[in-house]
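Novice: I need the structure of the sequence given here:
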Amino acid sequence: MNSHAMTSNAASGRILDLVVVGAGPCGLAVGAAAARNGDVSCRLFDRGCVTNSLLNYPYYMRFFSTARKLEIGGVPFSIPETKPTRRQALAYYRRVVEHYDLDVRQYEDVVAVEGVSGDFRVRTRKVRGGEESVTRCRAVVVATGGFHEPNWLGVPGEDLEKVSHWYYEPYPYWDQDVLVVGGGNSSVDAALELYRNGSRPTLVHFAGELDRGVKPWVRPDIDNRIERGEIPVYWKHRVAEIRPTEVVLRSDESGELTTIPNDFVLAMTGWRANPAVLLELGVGVDDETGIPVHDPDTMETDVPGVYIAGVLAAGHNANKVFIENGKEHGGRIVAAYDRPKTPAAG
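Specialist: Reported below is the predicted structural model:
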């Protein structure tokens with residue numbers, strides 16, 4: 001507890017139906033579903049801004065999904081193109097918030113959730129100023145996304161400043177030797193952008209080919225670049241060590257080490273969710289898959305009144321749940337939520 005005054009809706013006895021932890025697209029889908037229901041009150045908290053995770057996408061990326069498949073709450077995502085850009089998506093999801101007048105508390109971090117079904121107390125702290133508040137609610141939805149921690153390479157030198165697990169744009173890497181780690185869409189998109197903007201990208205991938213999920217309209221482009229030697233690839237290799245001016249690669253087949261010149265490393269190895277809030281509430285999480293125990297029809301966990309939405313439901317395999325299917329969780333949660341007819345005691 002800091003020196004700032006504690007504010008709370010508990011003193012008045014008011015209790016909300018739902019509090020959503022996270023205001024990404026799937027969290028907003030919960031809010032939109034509650035608003036459309038008309039009889040379910042809902043408040044969303046996020047330690048960052050609305051759809052904060054989209055800010056970390058490459059600046060000029062275009063979504064794999066069509067605009068229609070990214071729509072939530074029945075709000076049309078109308079653009080001239082079929083597939084929206086990051087910038088268009090950011091504008092769209094903010095329009096959803098405005099359309100439904102959602103109660104979103106940006107830059108307010110959830111620090112603890114206490115209580116039981118029917119009467120939870122959500123403690124929050126404002127990122128700027130540190131003021132703390134308590135919000136009471138009957139049910140909690142955890143929709144904190146999957147960008148909490150990267151899948152680390154776990155090698156010496158990964159902490160060097162030249163190593164990044166994010167890729168935004170190619171311009172800082174002009175005329176530089178850049179190692180791109182991975183064989184999925186993020187790696188391929190980065191390598192192609194780097195190549196076309198005067199960098200010298202090299203791919204390294206533990207498999208013997210690119211991932212099957214690489215976008216079909218991109219596959220011929222990257223295949224041609226690889227075939228012509230314009231983007232060198234080390235198949236069935238892993239990063240063994242990162243040094244200030246070079247990188248050491250190890251063959252999975254022979255164990256042979258190869259050292260190549262290097263200025264930057266882009267480790268496009270994916271990210272994973274952090275189920276800390278769920279664990280503190282006592283929700284069971286499978287050790288191997290990272291999937292929280294939950295009913296896929298209602299999204300309620302094994303702790304009554306605690307639901308999950310979005311990529312958290314996929315555990316360590318974030319590619320199983322994304323906006324296109326994670327947005328459906330909001331409707332399931334609101335439909336399953338059994339709103340008490342009388343308010344909880346103050």
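Novice: strands paired with the top strand by length along the chain, and their directions?
Specialist: Ordering each strand of the chain by length in residues (DSSP state E) puts strand 132-142 first. In the sheet, strand 132-142 lines up against strand 6-8 (parallel), strand 16-21 (parallel), strand 119-126 (antiparallel), strand 306-308 (parallel) (DSSP bridges).
Novice: same for the next helix-or-strand element following that strand, what does it pack against?
Specialist: Toward the C-terminus, strand 132-142 is succeeded by strand 149-150 as the next helix or strand (DSSP states H and E). Contacts defined by 3 or more CB pairs under 8 Å, 6 or more residues apart in numbering; DSSP states H and E place strand 149-150 against strand 271-272. Where C-beta positions appear, they are placed from N, C-alpha and C, glycine not excepted.
Novice: And the top helix by length along the chain, what does it pack against?
Specialist: Scanning the chain for the longest helix, with DSSP state H as the assignment, gives helix 86-100. The contact analysis (3+ CB pairs under 8 Å, 6+ apart) places helix 86-100 against helix 25-37, helix 67-70.
Novice: out of those helices, deepest packed?
Specialist: Stretch with highest mean neighbour count among the helices and strands packed on helix 86-100: helix 25-37 (a mean of 26; mean count of other CB atoms under 10 Å).
Novice: List the residues that contact the residue lying closest to Lys162 once chain neighbours are set aside.
Specialist: Excluding the flanking residues, the one nearest Lys162 by CB to CB, 6 or more residues apart in numbering is Phe264, at 4.9 Å. Residues in contact with Phe264 (CB atoms under 8 Å, 6 or more residues apart in numbering) are Lys162, Val163, Ser164, Pro172, Tyr173, Gln176, Asp177, Val178, Leu179.
Novice: Quick one: neighbours of the fourth one, just the number.
Specialist: Okay, so that is Pro172. Neighbour count of Pro172, defined by other CB atoms under 10 Å: 11.
Novice: per-residue confidence at it?
Specialist: What the model reports as pLDDT for Pro172 is 97.
Novice: Give me the nearest residue to it, chain neighbours excluded.
Specialist: Among residues not flanking Pro172 along the chain, Phe264 sits closest, at 8.0 Å (CB to CB, 6+ apart).
Novice: That neighbour pairs with what?
Specialist: Residues in beta-bridge contact with Phe264 (DSSP bridges): Val178.
Novice: just the buried members of the contacts of Phe264?
Specialist: Restricting the contacts of Phe264 to buried positions leaves Lys162, Val163, Tyr173, Gln176, Asp177, Val178, Leu179, with burial counted as 16 or more other CB atoms under 10 Å.
Novice: Can I get those in a markdown table including distance to Thr301?
Specialist: Below are the buried ones among the contacts of Phe264 laid out as a markdown table (distance: CB to CB, whole Å):
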| residue | distance to Thr301 |
| --- | --- |
| Lys162 | 41 |
| Val163 | 36 |
| Tyr173 | 43 |
| Gln176 | 46 |
| Asp177 | 47 |
| Val178 | 42 |
| Leu179 | 40 |
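Novice: tell me which of the residues you listed is nearest to Phe147?
Specialist: Distances from Phe147 to these, taken as CB to CB, are shortest for Val163 (17.3 Å).
Novice: how about the strands in the stretch 101-250 of the chain?
Specialist: Secondary structure of the stretch 101-250 of the chain (DSSP state E, counting those that start in this stretch): strands located at 104-105, 108-116, 119-126, 132-142, 149-150, 163-164, 177-181, 200-205, 233-235, 237-242, 246-251.
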